[in-house]
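[1] Model the following, please.
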Amino acid sequence: MYHIIINPNCGSGKGRRNARELSSLMNRSKKTYIEHFCKNASDVTKYTASVTDPRNFENNAVANRLILIGGDGTLNNCINGIKDLEHTTLTYLPSGTSNDFSRSLHISGKPLRALRATSPKIRTKSMDLATVSYGTKKRRFVVSSGIGYDAAVCQEVQHSPLKAAFNRFRLGKLIYGFIALKQFLFLKPCGCDLYLDDSEEPIHFNTFLLAAFMNLKHEGGGFPFAPDADPADGKLDICLVGNLSKAMVPFVLPFVLAGRHHGKPGVHSYRASKIRIVTEEPLYAHTDGEILGKYKELSFVCGQEKLLYR
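    Next up is the predicted model:
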């Protein structure tokens with residue numbers, strides 16, 4: 001039995017189209033499945049939680065097999081709903097705008113590939129899950145989490161009336177570029193302290209623009225902030241732009257967006273399993289592009305949990 005979790009509205013209707021095609025393929029292959037069309041993010045999380053309850057495996061000793069149709073945000077809500085990671089295998093059919101998870105792991109967006117992944121001949125893979133703690137809450141992520149400029153851009157894009165119009169013409173990246181420029185014009189950098197692993201001494205930055213904590217290589221629709229990230233090494237790759245004058249940012253940021261930022265002034269790269277960042281002012285933060293709100297402190301751990309996927 002396969003549980004197919006669907007965000008029908010992602011990718012300007014691509015989720016619905018992929019669901020129809022996959023359903024047809026599953027029927028022809030005589031696969032047993034249940035479809036669940038989700039209305040919102042909490043719907044995805046609740047449904048995932050119900051079908052991955054640990055008691056399911058205790059009662060019938062059959063692993064949970066999920067197929068997810070959606071974008072990176074849908075994926076984030078799904079992994080935060082999984083109750084039994086050990087006995088749950090996820091097959092992802094990317095159908096969103098950014099699709100950074102599939103881009104980093106070279107997963108095809110073809111429904112036929114999702115069908116083939118149901119074959120017992122396909123090897124199950126494992127990757128790290130990371131967790132961010134913010135305020136009194138915790139949240140898993142698979143792609144990246146961040147605070148500062150990039151999160152502020154994500155927040156405005158999500159609430160922009162232009163997003164749907166740009167996506168309709170497959171010009172989603174343009175809305176990010178437009179809002180990124182607008183955000184930069186009004187940017188007021190603040191300072192932060194970065195703590196890595198068990199060190200009690202922080203790395204201090206008088207000013208910083210953004211900090212991206214990467215489990216995979218890409219975020220924001222294909223920007224390789226962490227070109228050397230390995231989702232199986234138990235660590236997050238950190239890309240922090242700081243101690244750089246605002247006048248220099250336009251000269252450095254293009255290198256960051258192209259993944260050619262190592263060694264560039266003001267761009268700092270680190271790798272750690274446990275991380276804490278404390279900022280002078282509350283700033284927008286995100287996980288996999290989903291906005292958490294404004295916070296002054298975030299803590300991260302990576303590698304304590306694993307996601308099984310095909």
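[2] For Leu253, give me the pLDDT.
    Reported pLDDT at Leu253 in the predicted model: 81.
[3] continuing past the helix or strand it falls within, what's the next helix or strand?
    Per DSSP states H and E: Leu253 is located in helix 249-257. Going down the chain from helix 249-257, the next helix or strand is strand 267-272, by DSSP H and E.
[4] Touching that next one from outside, list them.
    With C-beta atoms under 8 Å, 6 or more residues apart in numbering as the test, strand 267-272 has contacts from 194, 196-197, 203, 205, 235-243, 252, 255-256, 261-262. Where C-beta positions appear, they are placed from N, C-alpha and C, glycine not excepted.
[5] For PyMOL, write the select line for the buried members of the residues you listed.
    Selection of buried members from those for PyMOL, criterion 16 or more other C-beta atoms under 10 Å:
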select buried, resi 194+196+205+235+236+237+238+239+240+241+242+243+252+256+261
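[6] So which of the contacts of strand 267-272 belong to helices?
    Val252, Phe255, Val256 (DSSP state H).
[7] from the residues you listed, which is closest to Ile69?
    Ranked by distance to Ile69 (C-beta to C-beta), the ones in helices among the contacts of strand 267-272 are led by Val256 at 31.4 Å.
[8] longest strand anywhere in the protein?
    Counting by DSSP state E, the longest strand found in the chain is strand 290-309.
[9] for it, packing partners?
    helix 72-79, strand 88-94, strand 125-134, strand 137-141, strand 144-148, helix 149-158, strand 274-287 (3 or more C-beta pairs under 8 Å, 6 or more residues apart in numbering; DSSP states H and E).
[10] Just the CA coordinates for it, please, in CSV.
    Extracted in CSV, the C-alpha atoms of strand 290-309 (Å, rounded to 0.1, in the frame of the first residue of the first chain):
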residue,chain,number,x,y,z
GLU,A,290,9.0,28.2,5.0
ILE,A,291,9.0,31.3,7.2
LEU,A,292,9.4,30.7,10.9
GLY,A,293,9.0,34.4,12.0
LYS,A,294,11.5,36.8,13.5
TYR,A,295,14.0,35.6,16.0
LYS,A,296,17.3,36.6,17.6
GLU,A,297,18.6,33.1,18.3
LEU,A,298,18.6,29.9,16.4
SER,A,299,20.2,26.5,17.3
PHE,A,300,20.8,23.7,14.9
VAL,A,301,21.7,20.0,15.1
CYS,A,302,22.4,17.7,12.1
GLY,A,303,22.7,14.0,11.7
GLN,A,304,20.8,12.8,14.7
GLU,A,305,17.9,11.7,12.5
LYS,A,306,17.9,10.1,9.1
LEU,A,307,15.4,10.2,6.2
LEU,A,308,15.0,7.0,4.1
TYR,A,309,14.1,7.8,0.5
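[11] and the angle from it to strand 137-141?
    On the basis of axes from the mean of the first three to the mean of the last three C-alpha atoms, to 10 degrees, strand 290-309 is oriented at 50 degrees to strand 137-141.
[12] quick one: strands adjacent to strand 290-309?
    Strand 290-309 sits in its sheet next to strand 88-94 (parallel), strand 125-134 (antiparallel), strand 274-287 (antiparallel), going by DSSP bridges.
[13] looking at those strands, which is buried most?
    Burial of the strands paired with strand 290-309 is given as mean neighbour count (mean count of other C-beta atoms under 10 Å); strand 88-94 ranks first at a mean of 25.
[14] Can you name the residues in contact with that one?
    18, 22, 52, 63-69, 71, 75, 78-79, 82, 101-102, 107, 109, 111, 113-114, 117-118, 124, 307-310.
[15] Which helix or strand lies directly C-terminal to the lowest-mean-pLDDT helix or strand in the chain?
    Of all helical and strand segments in the chain, the minimum by mean pLDDT, DSSP states H and E falls on helix 162-168, at a mean of 61. Where DSSP H and E defines the elements, the next helix or strand beyond helix 162-168 is helix 172-185.
[16] pLDDT at Gly96, what is it?
    pLDDT at Gly96 comes out at 88.
[17] do Asn56 as well
    For Asn56, the model assigns a pLDDT of 88.
[18] Perfect, that will be all.
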